[in-house]
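[1] From the sequence below, what's the structure:
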Amino acid sequence: MALLAPVALLVHLWSYTPALCQIWIEPDHQVNDPNGPDGLAGTAAADDPNTLTFKTQFEPWIAAHPLELGVVFGAWNDFSHGEDLRSDGFGASNLATSDPPPWTHDLVVDMGLSSDRWSDAQADPGCAIGGNRMFYQSGIDWTGGTPFGVYFARSATGFGVAGWEVGFISGGEDSFDAPKVTAGRSADPLRMNRVYLVWAARDLFGRHSIMLSQDPNSGESWASGTGRQFYTLSDPTLPTYIKPAPVGDVGPGGEFYVAWFRKPGGFAVAAADIVFNGSYIPFPANWPGDPPVFFGPQTIVQGFDTIEAGHTDERTNFRDALASWPDIAVDTSGCQFTGNIYVVYVEETTGLSPNLVKVLVARPNPPGAPIWSPPVVVNHDVPAHSLQWMAAIDVDRKGRVGIMWHDTRESEPEVTVNQPFDVFFAFSLDGGATWSKNIRVSGDSSRPQRLIGSREHKVGEYNGMASSRESFNPMWMDLRRWSGNAADEAGDIFTTRIDVTAWADFDNDCDVDLTGDYTVFEACYSGDGNPFPPGCGNADFDADGDVDGADFLIFQKLLTGDGNCLCGGGASEEPFSDHARQTWYTRTDVRACLRNYCVSHVLPLP
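    Below is the predicted model:
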């Protein structure tokens, strides 16, 4: 049996800590083992500043268990054995834990189901956890410096070296990029074993395509090597366009959607597109005899300025040009915005202007392609000198949307090269229409500036974020442990947990009504610029330190009326019922109530 080059298969169980304010952020912590993926101190693979053996880790991906609160699973590129023998991180759950708990680090072995053997190195990892409790991992197998094939691994336990099955997948392409595995989160027996693989391929003639393979039996066809199905999602009439880094997600009814980046030329070309495709019924009744019907490809962003060849690249100190790859998430909460499709990307501006973290929202429109709303800017409160890159997105089980990204706003304005960077986060309670204040979640800045000599850091092309119930789990590449010495490699994997608790159902009875919830909001109302009373953080929906008219507009959107149990609120019909449906009111009535309250308490009017 061949050993998968040290992989840190990481699963983490967070204790559930109730949040007492609007947003609670766990202290961030390092995930990768300082002793390297084998956990052995003093070896060549060790990544320990105390012994001056720095190693590089980057491009993390993370998945959250859909059924077990707090269990998450991570994977990343690991240079513990050198860049020529890069490997992936893998991990496993550890139920006896503190908060934050330790991460486990286990190796994964090839169980011999494939006649192929591991090549020199592995890269571009992805991971997922299905509604069947299976753990999945994917990546690229490298030979002689060329990404030679896609691999897939699965385990029922998610930890240890036993029980992992590995298969190698090839659709006849010459090289591959960024394969990502996606699993359905539903516990429905008809859908819980479905799993999908998407990747970017290039053939011997330089033609690029986005590929999909899917399996209804937990990846059995990939592990066994029989019955594999392949589909091309990209436009075959544009074969020379560069198409890297596809990402996919599963909808509440089993729909499958994919987004990717596309450029009509080399990466030096500034303008690029975001393209989208998918199927509302990926597994028709007679599949695989009847293939899925795809509604695309559909260009959802056209000709935007990317960050690969502009001022972002010039003002950073990174070996690889930073990427504008998109990320995707679908709301499967069953709440008001269930079915919403979200795609996030970063657009560059000019000069010393900040980049724009943008998100698009779509509603399914079967049998046609989804209908997209114009993009909304998420980083609306950034200083002019800051840069942003590598955004990731997910939706929690109450339909709240979270986005993370790297950001240099904490650096001094006069520093325009090698700027220190942090991780920031924002959330939306109304289906992506409005976004909270941008919130720093990294506990310390990453400082790419070398003390002596020259060092270009490898930060990769993406970060990852997952969510479970009311928590978001961002994972990122971090430089805080770097010595500053140009001779030392740098880069660790860090993570945290973010609990978003802003919730208009203040009395926790599953509706947002005039009697229980409005009275709490009214008592918390402080007016623009005035700090809210103690215990009222949940009413500060836009996270700006007060409870004012802007928060009331959001509260209005979330009104459902008494007894109308909608996870996120926001019933569209008026009037609303209250008092066991004996009283009816409208949003105008609620606004009048608040204005009367403000007059009587000498507060600014909403």
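
[2] helices or strands next to the longest helix along the chain in the packing?
    Longest helix of the chain, by residue count under DSSP state H: helix 587-600. Helices and strands touching helix 587-600, by 3 or more Cβ pairs under 8 Å, 6 or more residues apart in numbering; DSSP states H and E, are helix 517-524, helix 549-557. Quick note: C-beta positions are derived from backbone N, CA and C, even for glycine.

[3] And the residue most central in space within the chain, how close does it get to Val166?
    Central residue of the chain (Cα atoms, centre = their mean): Met465, 3.2 Å from the mean position. Distance, Met465 to Val166, using Cβ to Cβ, to the nearest Å: 26 Å.

[4] follow-up on the earlier one: out of the helices and strands packed on helix 587-600, the one nearest Gly402 is which?
    helix 549-557 (16.2 Å; Cβ to Cβ).

[5] The nearest residue to Pro374 once chain neighbours are set aside is in what secondary structure piece?
    Among residues not flanking Pro374 along the chain, Leu360 sits closest, at 7.7 Å (Cβ to Cβ, 6 or more residues apart in numbering). Element membership for Leu360, per DSSP states H and E: strand 356-365.

[6] Paired strands for that strand, with orientation please.
    Next to strand 356-365 in the sheet, as set by DSSP bridges, lie strand 341-347 (antiparallel), strand 368-372 (antiparallel), strand 376-377 (antiparallel).

[7] and among those strands, the most buried is which?
    Looking across those with neighbours counted as mean count of other Cβ atoms under 10 Å, the highest average goes to strand 341-347: a mean of 25.

[8] CA-only coordinates of it, as PDB, when you get a sec.
    In PDB, the C-alpha atoms belonging to strand 341-347 read as follows (Å, rounded to 0.1, in the frame of the first residue of the first chain):
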ATOM      1  CA  ILE A 341     -27.900  30.800  -4.700                       C
ATOM      2  CA  TYR A 342     -25.000  33.000  -3.700                       C
ATOM      3  CA  VAL A 343     -21.800  33.600  -5.600                       C
ATOM      4  CA  VAL A 344     -19.000  35.800  -4.200                       C
ATOM      5  CA  TYR A 345     -15.900  37.200  -6.000                       C
ATOM      6  CA  VAL A 346     -13.500  40.100  -5.700                       C
ATOM      7  CA  GLU A 347     -13.200  42.900  -8.200                       C
END
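
[9] how distant is that strand from the center of its chain?
    11 Å (Cα atoms, centre = their mean, to the nearest Å).

[10] Stretch 544-562 now?
    That offset, for stretch 544-562, works out to 27 Å (Cα atoms, centre = their mean).

[11] Would you mark the buried spots in that stretch?
    Buried residues in stretch 544-562, counted by 16 or more other Cβ atoms under 10 Å: 546-562.

[12] And it, end to end?
    29 Å (Cα to Cα, to the nearest Å).

[13] what's the answer for stretch 332-343, then?
    Start-to-end, stretch 332-343 (Cα to Cα) is 15 Å.

[14] how far does that stretch sit from the chain's center?
    Distance, centroid of stretch 332-343 to centroid of chain: 15 Å (Cα atoms, centre = their mean).

[15] what's the answer for stretch 199-208, then?
    That offset, for stretch 199-208, works out to 26 Å (Cα atoms, centre = their mean).

[16] can you pull the buried residues of that stretch?
    Buried residues in stretch 199-208 (16+ other Cβ under 10 Å): Trp199, Ala200, Ala201, Arg202, Arg207, His208.
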